[in-house]
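>>> Provided below for reference: sequence and predicted model.
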Number of protein chains: 4
Amino acid sequence: MEPVNVADYERLAEQALPQDVFGYYAGGAEDEQTLRDNLAAWTRWHLRPRVLVDVGGVTTSTTVLGQEVALPILLAPVAYQGLAHPDGERGSARAAAAARTIMCLSTFANTAPAELAEAVPGGAHWFQLYWFRDSGVMRELVQQAVEASFGAVVLTVDAAVPARRERDVRTGFRITPDVPVPSVVAALGNPASGPPGELFSLVTPSVTWRRLEELSEFGLPVVLKGIVTAEDARLACEHGAAALVVSNHGGRQLDGGIPTADALTEVVDAVEGRIEVYVDGGIRRGSQVVKALALGARAVLVGRPFLWGLAVDGAAGVERVLTLLQAELAHALALCGCTSPADVTPAHVTRARL
Amino acid sequence: MEPVNVADYERLAEQALPQDVFGYYAGGAEDEQTLRDNLAAWTRWHLRPRVLVDVGGVTTSTTVLGQEVALPILLAPVAYQGLAHPDGERGSARAAAAARTIMCLSTFANTAPAELAEAVPGGAHWFQLYWFRDSGVMRELVQQAVEASFGAVVLTVDAAVPARRERDVRTGFRITPDVPVPSVVAALGNPASGPPGELFSLVTPSVTWRRLEELSEFGLPVVLKGIVTAEDARLACEHGAAALVVSNHGGRQLDGGIPTADALTEVVDAVEGRIEVYVDGGIRRGSQVVKALALGARAVLVGRPFLWGLAVDGAAGVERVLTLLQAELAHALALCGCTSPADVTPAHVTRARL
Amino acid sequence: MEPVNVADYERLAEQALPQDVFGYYAGGAEDEQTLRDNLAAWTRWHLRPRVLVDVGGVTTSTTVLGQEVALPILLAPVAYQGLAHPDGERGSARAAAAARTIMCLSTFANTAPAELAEAVPGGAHWFQLYWFRDSGVMRELVQQAVEASFGAVVLTVDAAVPARRERDVRTGFRITPDVPVPSVVAALGNPASGPPGELFSLVTPSVTWRRLEELSEFGLPVVLKGIVTAEDARLACEHGAAALVVSNHGGRQLDGGIPTADALTEVVDAVEGRIEVYVDGGIRRGSQVVKALALGARAVLVGRPFLWGLAVDGAAGVERVLTLLQAELAHALALCGCTSPADVTPAHVTRARL
Amino acid sequence: MEPVNVADYERLAEQALPQDVFGYYAGGAEDEQTLRDNLAAWTRWHLRPRVLVDVGGVTTSTTVLGQEVALPILLAPVAYQGLAHPDGERGSARAAAAARTIMCLSTFANTAPAELAEAVPGGAHWFQLYWFRDSGVMRELVQQAVEASFGAVVLTVDAAVPARRERDVRTGFRITPDVPVPSVVAALGNPASGPPGELFSLVTPSVTWRRLEELSEFGLPVVLKGIVTAEDARLACEHGAAALVVSNHGGRQLDGGIPTADALTEVVDAVEGRIEVYVDGGIRRGSQVVKALALGARAVLVGRPFLWGLAVDGAAGVERVLTLLQAELAHALALCGCTSPADVTPAHVTRARL
């Protein structure tokens, strides 16, 4: 049976992948409470559809950081995509380019920025940065992204220390040298191997707001990914961030934190329109994208959804997942009486009554 | 065992119908969240029964649009009733007439307005309209309803685009030419076949408030079905609607929207008594009808409940379902200290405390 | 294994009784939503225990209508107790007398008031009244209760029409002439037989507030059982009721109404101390009795709990259930820092936070 | 598989212990509602993590009553630890000393204060007191604790009467003379045997606020354990308590009371910083410790978690559990942008939105 939604792709990916690899992607931190809360939080917002609007011509197009995208759904940075499918990051990037959206390349990708740009020359790419303890390596990575015409640096700020993912301990999941990670090779001189947390120890826990200046020097817009409070949203504006992503790392870092759909409101209020706000975490349907837009997000990022597509069918699977989500989104926009993302307003969403 | 409530009829209908046909009627859009929310929302309102009132003579009679009905429960428009039972729409209409209530004939009925009027000459019928892209066909259908003495046009406004019902994709449900749909034949010149969404592409996504004038010209009261916001309720009043139905299409169109029991309050407040308000979605018991009345509805529509009756036993099954619901309603009215729908007040309902 | 709580007795009763008889007692109206809500509502109030109080001598004694009882837990009127055990109402009354509390005899008891008084001469009995259409029979019953020194008339006001209990329809439960009901014999001249609803048609749906005067003439205090709104609570005070019972008939009449633990607050507020307020519905533990007292009830009634005791072990079972509940209550009082029911205040309870 | 969290230890302890012993520790009072509520209440508070803080050097150290501890997690008093493992209280105390935290010795320990001090001379110990009816025995116990250099007396105030734990009745759990309890021997002259409630009858139900003076005379700080209301928190401050523990005895005494995570707020507000506030009940993760700190607790106590470690592997198991909790706590602090418990503020927590 042809998969008809993201949940179908997840089931197929679970069959296609080794148990430990599936668990690495599907799992979250500790009790996986936040993983579940992220999903549930979207169901506690209800759409308020408007009727008798001419929705004969619905577009899902919008812009992020001034760049036009065909849909307000970006590919979140996901590490080690070579484990999901031989197409790896190149496949995801090809699909993103075909769908005319942006792909965020992880620091822990199996593909270097230059390699990705070469493989998918027309694509719109952002570079996700984990700030390595060795700041020489960090600078090299960002410089490479600059040279490869990446459009932004997405600095992850919700992962100062390695995650506690107990699923991985139970499955014995390890990164092995046969699927090398260029950034790790650059830092250590060899592909390394071990549990993901061990590789993660390359990342510094000491980046602060003041050090963002060092990043700005590269000339790329800086997007801060992993903010869930009004306080940090204000600091992001004041420290020159170009945008921020309301994110809790898909429930993979701190367990027990606020779900992103609920954090979005306070962040949007605090930002007061100064910078763009994106959100990720638990988004599996186009109708949830409309909810995110109504709550003030400019766009959303999806991670696991496209990865399940990649695992099932490589680049073609990613493209199909994006097509499904775009169709769902266009459908939900039309039924809400909106002809484009720009038509969505705060009045299109309300808190579910309990 | 004789079925004693709507849930029993649903179980029997599931046994009686082919899986794909049952799934078509029972299912909802995408994750079927709204389908479930509609049901749950009624349980979060509690009745406040009054005692020591003489309820020796309880009637369920009321009027809708000035027409007397024996119970404030109308038959919602349901497509393709010929698939449920050979009696089809004629059976439902016969039962509605026997119960002295109104039957709404769907644009996608297997019976044309004129045929229905001929088969059930004494019945009170309303015509549900999907506004076809070919407005000639639309006009023909409405004109036929006028000539067949239908009492109102019920314009569905929550279905500007075809639904995404994944159950139907999984079962492979298709409309086939052996159970023809007169409106489709009129539009295409042949009975057509395919998934319901394909036939639905005959419907225009471009009807707007201004075009309601075109409908008014036929002289029938216009009822707008599918409004769930105060804003649209006000517009309905201003654009000359005779009534509106708080509806989300039984959870079959937009998934993730506000459930109807919760939307009812804001709609009733916005209407301020200017037009009649009906509600559908998730009503399975007479006590829920009392809740709807207490929240300000003049009447309710039921779709699946009577359809399960039709599937199980044709016209007799529909009549039995209506008899059960009427008995439950009379019972709940009596226990609330009301001798008729007119006695029900906002004080008869309260939000369930959590 | 010796039963240690009411839930144990319920399980044992289910084994001891024919399925239809167990279902008759255990079940509720229609979907049994209110049956479940009654139970859940008590869990949404939390006790606020006080410490470092001398609770060396805890008593559960209190008074109801001026009569001292050893515990604020009365036996609710329950019909047809002869079906549960040959001891029938005599057994329950003996247990109530042993526990020094009050037993309410149902109009539909298998024992007449005079018979009960003769069998348990020292007991404190109240007579529960269903007002028969034949008011001669009604007067005879009350007169008999007066002559048998019953302490009050408990008029049930939440059952103007027969209940819709679908469990009974499914099991085919019927009252049979071999366990006769004296009030029915008095009314019909024969023991009758049929579903409980048929016998119930002897009861008038037309009693109103004004007709309460006819009851007052017998000189007994009148307790109104089945009030759940502030409006009716005020009317009860104004029409001379001696007390009222916040009750929804254990979820056996109107389904979808407010649960009693939640209705209690508004009733107590409306009564303003003018008359005593009792409550029943879903009480299975002594700690819930403390909650009821804290919310302003003078006492509680239990129905199913003692009936399970009767079914399992006749009078001895009822006595054991009362002993368990009393021990639980004494325990909860002590842990709340109360030495008697009189020590319990509104500050001992708070709404559970969600 | 090596256990990786407290839940793993619980499962292993269930396998390692006789059913009745496991049930004694795992169970709660009556319906175990409060046992479950305690766990659930922590999930209804969400952390608000702050980012871009230098968390390169996180410490979990803090002080309680002026004493430095390496982590704000103390070992709650747990009775009869000799039943869990031959290491008994000595094992727990050795682990606490190794982890540099405080161990509370229960009055119903299998080890006397003097024995514990001798076995773990470097440890920081507090003595939990049940005030015996025979106040000579009480004085002897406290005096022994003073002489053994215990740092505080923890008076349990939520257990004026023996608990109603139905699990123990069902398993037939009994204290037997082969694992003697020194305090019981001191009181009765023999090791005694029977259900825990029988031994508990040595404890007086009559301690009041005024009698706290008698305790103060021993010169040790007095910690009151078992307060969940603002009223009693104020009284604790006024009567010279050095600290209090917001506790409901792990759901083992009063069933149906307020869960500790919810009581914490009102207690902290009432105390206004006058004395230290600790909390226990349902804490199984380091992230929950951060929530407790954010809600105003100085430290938490854990009971079952360390006991499962003791049951599985004696002192080493307790130490491993403490290491796990400390690592989780350090991790959660870092991800919240805190370098120590002192950095945690009320803004780090918010009520979960429903």
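Cool, the structure landed. None of these values were measured; they are calculated from a predicted model. Numbers count the residues shown, from 1 in each chain, chains lettered A, B, ... in the order given.
>>> Now do the residue lying closest to A:E214 once chain neighbours are set aside against D:G56, distance only.
In this structure, A:E214 finds its nearest non-sequential neighbour in A:S135, 7.7 Å apart by CB to CB, 6 or more residues apart in numbering or on different chains. (Glycine included, C-beta is placed from N, CA and C.) Per CB to CB, to the nearest Å, A:S135 is found 14 Å from D:G56.
>>> Between the two, which contacts overlap?
Residues touching both A:S135 and D:G56 by CB atoms under 8 Å, 6 or more residues apart in numbering or on different chains: A:T204.
>>> coming back round to it: so the residue nearest to A:E214 versus chain C, what's the distance?
47 Å (CB to the nearest CB, to the nearest Å).
>>> repeat for A:D31
Taking CB to the nearest CB, one finds A:D31 at 20 Å from chain C.
>>> What helix or strand is that residue located in?
Following DSSP states H and E, there is no helix or strand that holds A:D31.
>>> Okay, now the unreliable bits of the stretch 51-200 of chain A?
Within the stretch 51-200 of chain A, no stretch has pLDDT under 70.
>>> Quick one: name the residues of it near chain B.
Within the stretch 51-200 of chain A, the positions lying close to chain B (CB under 8 Å from any CB of the partner chain) are A:V51, A:L52, A:V53, A:D54, A:V55, A:G56.
>>> any idea how far A:G91 is from B:E198?
Using CB to CB, A:G91 is found at 32 Å from B:E198.
>>> okay, the two: which has more neighbours?
A:G91 (27 against 13; other CB atoms under 10 Å in any protein chain shown).
>>> Quick check: end-to-end length of stretch A:24-35?
Across stretch A:24-35, the terminal residues are separated by 13 Å (CA to CA, to the nearest Å).
>>> can you list contacts of that stretch?
A:10, A:13-14, A:17, A:78, A:80, A:83-84, A:163-168, A:171, A:173, A:196, A:248, A:250-257, A:259, A:304, A:307, A:311, D:5, D:43, D:285, D:287, D:328.
>>> So which of these belong to helices?
Members of the contacts of stretch A:24-35 lying in helices (criterion: DSSP state H): A:10, A:13-14, A:166-168, A:171, A:196, A:304, A:307, A:311, D:43, D:287, D:328.
>>> ok, so of these, who is nearest A:H125?
Nearest to A:H125 among the ones in helices among the contacts of stretch A:24-35 is A:L307, at 16.9 Å by CB to CB.
>>> If we ignore the residues flanking it in sequence, what's nearest the closest residue to chain C within the stretch 51-200 of chain A?
Here the stretch 51-200 of chain A gets closest to chain C at one residue, A:D158, 27.7 Å apart by CB to the nearest CB. Excluding the flanking residues, the one nearest A:D158 by CB to CB, 6+ apart is A:G226, at 2.8 Å.
>>> what does the helix or strand hosting that neighbour contact?
For A:G226, the host element (DSSP H and E) is strand A:222-227. For strand A:222-227, the surrounding residues in contact (CB under 8 Å, 6+ apart) are A:65, A:77, A:126, A:128, A:152-159, A:212, A:215-216, A:233, A:236, A:240-249, A:253, A:267, A:278, D:51-52.
>>> Do the very next helix or strand once past that strand and chain D come into contact?
Scanning forward in sequence from strand A:222-227 by DSSP H and E, the next helix or strand is helix A:230-238. Yes. Helix A:230-238 is in contact with chain D by CB under 8 Å from any CB, via A:E231, A:D232, A:L235.
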